[in-house]
Each structure stands twice: as C-alpha cells, then as structure tokens.
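# how would this look folded up:
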Amino acid sequence: MHHKRGLLTLVSLMLAIFMLIPSAAPVAADQPVAFAVFFYSTSCPHCHTVIERDLPRFEEEFGDQLEMLFVNVATEGGSYLYSATCSVLDTQNRCGGVPMMVVGDQIMIGAQEIPDQLPGIVRDGLAAGGIPLPDVPALQEAYQVVIDDESASQSETQADVEEPAGTVASDASELTVWERFNNDLAANIVAVIVLVGLIVSLLLVLFFSGRQQFASMQTWALRLSALAAVGIGLSLAAGSGGDTLATVLAWGVVILLGVTVVLIFRQQSAGQIILPVALAGLAVAAYLFQVESTASAATCGILGNCNSVQQSEYAKLFGVPVGLIGVIGYVAILFAWLYAYFIRPDGSSRTFVIVGLFSMTLIGTVFSAYLTFLEPFVIGATCAWCLSSAVTMLLLLWLVAPDGFTALRSIFRSTDTVVTSTDDEDLASATRGVS
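Reported below is the predicted structural model:
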C-alpha cells in the first residue's frame with residue numbers, strides 16, 4: 001500500500017495538472033460540476049491552439065462548474081495516465097495522439113473535435129446533475145494524491161489559469177529516446193526498417209546506377225518495396241473504422257499498390273508502373289493535408305500513432321503542412337510523367353523533364369528518410385500514412401533512376417555539341433546524335 005501510494009505521488013509530481021477554477025469562491029454545494037481531463041504535449045501546436053483559443057471560451061461559459069485537469073503526456077507520469085485512460089475508455093481504438101479531452105466516458109481528439117463537442121457534452125452533463133471524474137482507477141487515485149498534496153492557495157491556481165502557456169512550458173521531464181521509441185514499439189520498429197530501406201536504396205541508386213548488376217538490384221528492390229507498401233496500406237484500410245474518407249482513400253491506395261505489384265511482377269515498363277504509384281502517393285498526401293489543415297484527428301489504422309505525428313511541430317515545414325508539400329510534389333511528378341512518357345516520348349525536351357522527374361523523386365526520398373527518422377527517434381510515434389508515402393516515393397525513385405541517369409549522361413554529352421536552333425526537333429536530332 002505504501003509502495004502504491006509512493007508511485008502515485010511520483011506520478012502526480014511529474015504531471016502538469018491543475019484545476020480550471022478561476023473564481024476564488026468555492027462551488028456551491030448544490031451546483032453541479034463537470035470534470036474534464038485534457039491530455040496535451042508541450043511540443044504539440046494543436047494543443048496550444050486549444051489552450052489559447054478554446055479554453056478561455058469554456059471558462060467564460062461554465063466558470064466554476066467546469067473543473068478541468070491538465071495532463072502532460074511528455075512526462076513519464078503523464079504517459080502512464082494517458083495509457084491507463086485509453087486502455088479503460090478507448091473501445092473504438094481512437095487513442096493515438098493529443099490534444100485529447102476526456103469527459104465521463106467520452107473521448108474527443110484534435111483541435112476541431114474538442115471545441116465542437118465539449119460544450120454540448122458539458123451542458124447536457126450539468127443539466128443531468130454533473131459529470132464525475134472518468135472511471136479510470138489510476139486517474140482517480142492520482143487526482144486524489146494531487147488533492148491531498150495540494151498546498152497552493154486558490155489565488156495561485158488562479159494565476160496558473162490566467163497564463164496557461166507558461167504552465168505548459170514549465171513542465172519538464174522529457175522522455176529519453178528509448179522511452180519515446182518504446183511508446184509505439186511495433187510501429188517504430190517498422191519505421192526503422194523503412195528508414196534502412198530508404199537509406200540503402202539512396203546509396204545503391206547513387207553509386208551503382210549504370211553498372212551491370214543494377215538491373216537485378218532494381219527488380220528486387222521494386223518487388224520488396226511494392227509488397228511492403230501493400231502491407232502498410234492494408235494496415236490502414238483494416239483500421240479505418242467509421243471514417244469514410246480514410247476508408248475510401250486507404251482502400252484506394254491498396255488497390256493502386258496491388259496493381260503496381262502485378263505490373264512489377266509482369267515486368268512492365270517504368271512508364272506504365274509510375275502512374276498507379278504516384279496516384280497512391282497523392283491519395284496519402286491528400287489525406288495527411290486534410291488532417292493537418294483542419295486540425296482533426298487522423299484515423300491511424302492498426303499500426304502506429306498517426307495523431308502524435310500529425311499534431312507534432314514536425315507536421316509543418318517553415319509553416320507549410322508537410323501534407324501540402326506532398327500533394328504538390330506528387331502532382332508535379334504526375335505532370336512530368338505525363339509529358340515525358342506520353343506527350344513527348346521523343347526529343348531533347350523529354351530529356352530535361354526526365355532529369356527533373358528523377359530529381360524530384362531523389363529529393364522526395366531524402367525528405368522521406370528525414371521524416372521517417374523523426375518518427376521513432378524524436379516524436380516517439382509512427383504514422384502509417386507517412387510510411388506509406390515514404391515507400392511509394394521509394395518505388396518512384398527505383399522506377400525513374402535508370403532513365404534519369406541516362407538523361408543526365410545525354411545532357412552532359414550534348415554540351416560538346418553545337419546546337420544552332422532551339423527548335424525541339426533540332427534539339428532532338430542533336431541529342432540523338434550524341435547518345
């Protein structure tokens with residue numbers, strides 16, 4: 001018993017937890033109260049959005065009748081309470097990131113869902129006589145320890161509420177790399193495997209392209225990557241639940257990648273295979289952009305913790321959502337593919353477009369490797385949608401690399417040829433003359 005209480009005390013000390021009761025006067029005995037628990041992380045921009053944009057409105061409407069507890073999941077104790085709460089209440093497999101608000105037995109996730117649903121839930125609960133603390137033993141016991149050990153006055157609590165950003169920033173005890181990795185162990189292991197595949201593929205493409213054994217490398221790399229992509233896609237489709245958009249896109253990705261597998265094993269040309277791969281990547285990027293731009297909760301499938309990734313500071317690059325960068329990239333790849341393989345299958349202009357296409361897939365693969373590294377080792381969670389995009393980009397790299405290096409060699413050789421006209425057919429003749 002003493003050991004258990006000692007553990008709970010440790011847990012409580014490692015939490016950022018305070019009551020949202022701005023008034024110095026206590027709640028009247030006959031006045032109903034609704035408890036809410038807000039799980040957040042110091043590195044989550046959507047969490048700051050809810051704290052700064054929405055919580056003042058809740059406070060203004062409900063005042064003393066809403067008692068809100070804040071739990072920082074970036075601490076060991078907060079992570080423990082988050083897992084305990086999800087294991088008891090998450091019957092629909094919705095847990096997977098922050099911000100997360102729990103009221104009674106209801107879970108709300110994301111900077112869109114929380115402000116949309118919380119006021120109505122609290123109003124109904126107050127009308128029915130109040131909402132108790134969620135029925136999670138670990139959470140209730142930790143809260144009781146906090147109450148027992150609380151020595152600050154109500155005025156000190158008032159100061160905390162008036163400056164929530166400062167309260168968030170003051171919480172420390174960040175998890176170690178191993179602790180973050182272990183939080184989503186199975187998915188993070190998959191992410192490391194994908195990361196190794198990305199790095200090895202980049203090295204092989206850059207240093208072995210043009211050598212005799214490269215064709216065999218390409219064949220096996222395409223087969224393994226395509227099968228891995230289908231597996232990740234199936235994990236998304238199987239766990240898409242009641243999210244119609246996620247379900248449609250996930251199964252669309254699976255079908256497109258299934259077609260890719262068939263084309264690869266039938267040894268079809270790269271020009272035929274690129275289309276379904278790029279469309280699958282575009283579908284994934286479009287879903288990620290929708291989640292990032294609307295601050296809504298992602299449907300993560302059966303593998304990984306997408307919301308922790310999408311609601312981290314790394315979901316944007318220089319203020320631009322990574323999903324939007326992906327959409328632009330895949331659209332550019334599709335246009336380049338259309339021009340190079342169908343509109344202008346001959347001519348020097350195709351050569352330059354092929355080089356551009358190869359450059360985009362090379363940069364996209366490097367960027368995917370960077371993002372995949374961040375997931376298990378920095379964020380501590382892995383997004384299956386992101387892994388799917390990484391593998392599709394890897395497929396595109398292997399598909400485009402042979403033509404890309406051929407086009408580069410053609411351009412370098414053509415620098416020794418004097419071209420007197422900029423007409424496409426004259427350029428095509430000059431290029432063919434030096435190939």
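# Assign a three-state SS to residue 97, would you?
Three-state assignment for residue 97 (DSSP: H, G, I helix; E, B strand; the rest coil): coil.
# Identify the residues contacting it.
109, 297, 298, 305, 306, 307, 308, 309, 310, 311, 381 (CB atoms under 8 Å, 6 or more residues apart in numbering). All C-beta spots, glycine's among them, are computed from the backbone N, C-alpha and C.
# measure it to residue 183 for me?
For residue 97, the distance to residue 183 (CB to CB, to the nearest Å) stands at 11 Å.
# Residues in contact with both of these two, list them for me.
Joint contacts of residue 97 and residue 183 (CB under 8 Å, 6+ apart) are 305, 381.
# can you tell me which of the contacts of residue 97 are in helices?
306, 307, 308, 309, 310 (DSSP state H).
# Give me the nearest residue to the second one, chain neighbours excluded.
Distances taken as CB to CB, 6 or more residues apart in numbering put residue 97 closest to residue 307, at 2.3 Å, once the chain neighbours are dropped.
# And the strands in the stretch 1-150 of the chain, which stretches?
Using DSSP state E, counting those that start in this stretch, the strands found in the stretch 1-150 of the chain span residues 34-40, 66-72, 100-103, 106-109.
# tell me the most buried of those?
With neighbours defined as mean count of other CB atoms under 10 Å, the strands of the stretch 1-150 of the chain peak in mean count at strand 100-103, which reaches a mean of 26.
# Give me the residues contacting it.
So strand 100-103 is in contact with 34-39, 50, 82, 85, 89, 107-109, 114, 118, 121-122, 125, 131, 134, going by CB under 8 Å, 6+ apart.
# now do 7 Å
Residues outside strand 100-103 that contact it (CB atoms under 7 Å, 6 or more residues apart in numbering): 34, 36-39, 85, 89, 107-109, 114, 118, 121-122, 131, 134.
# Next: stretch 184-199.
Here stretch 184-199 makes contact (CB under 7 Å, 6+ apart) with 181, 303-305, 365, 368-369, 372-373, 375-376, 380-382, 387, 390-391, 394.
# what about stretch 218-230, distance to the chain center?
Offset of stretch 218-230 from its chain centre (CA atoms, centre = their mean, to the nearest Å): 23 Å.
# what's in contact with it?
Taking CB under 7 Å, 6+ apart as the rule, stretch 218-230 contacts 201, 254, 257-258, 260-261, 264-265, 388, 391-392, 394-395, 398, 402.
# least trustworthy helix or strand in this protein by mean pLDDT?
helix 164-170 (a mean of 35; mean pLDDT, DSSP states H and E).
# Please pull up the helix or strand immediately following that one.
helix 177-183 (DSSP states H and E).
# CA atoms of that following helix as CSV?
Extracted in CSV, the C-alpha atoms of helix 177-183 (Å, rounded to 0.1, in the frame of the first residue of the first chain):
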residue,chain,number,x,y,z
VAL,A,177,15.0,8.4,-26.9
TRP,A,178,14.4,4.9,-25.8
GLU,A,179,11.3,5.8,-23.8
ARG,A,180,9.9,7.6,-26.8
PHE,A,181,10.8,4.6,-29.1
ASN,A,182,9.2,2.2,-26.7
ASN,A,183,5.9,4.1,-26.5
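# List the buried residues in that helix.
By 16 or more other CB atoms under 10 Å, the buried positions in helix 177-183 come out as 180, 181, 183.
# will you turn those residues into TSV that also has pLDDT?
What follows is the buried residues of helix 177-183, written out as TSV (pLDDT from 0 to 100):
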residue	pLDDT
180	77
181	83
183	75
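# Can you tell me which of those is closest to residue 273?
Relative to residue 273, the closest of the buried residues of helix 177-183 is residue 181; by CB to CB it sits at 34.4 Å.
# Three-state assignment for the residue nearest to residue 393 when sequence neighbours are not counted, please.
Distances taken as CB to CB, 6+ apart place residue 364 nearest to residue 393, at 4.4 Å, with adjacent residues excluded. When classified by three-state DSSP, residue 364 comes out as helix.
# follow-up on the earlier one: ok, the contacts of strand 100-103 vs residue 290, which is closest?
residue 109 (15.1 Å).
# which ones are touching that closest one?
With CB under 7 Å, 6+ apart, residue 109 has these contacts: 94, 97, 100, 297, 307.
# again, only this time at 10 Å
39, 46, 94-102, 296-298, 307, 311 (CB atoms under 10 Å, 6 or more residues apart in numbering).
# for residue 113, same thing?
Residue 113 is in contact with 94, 99, 100, 101, 107, 294, 295, 296, 297, counting by CB under 10 Å, 6+ apart.
# again, only using 8 Å
Neighbours of residue 113 in contact, by CB under 8 Å, 6+ apart: 296, 297.
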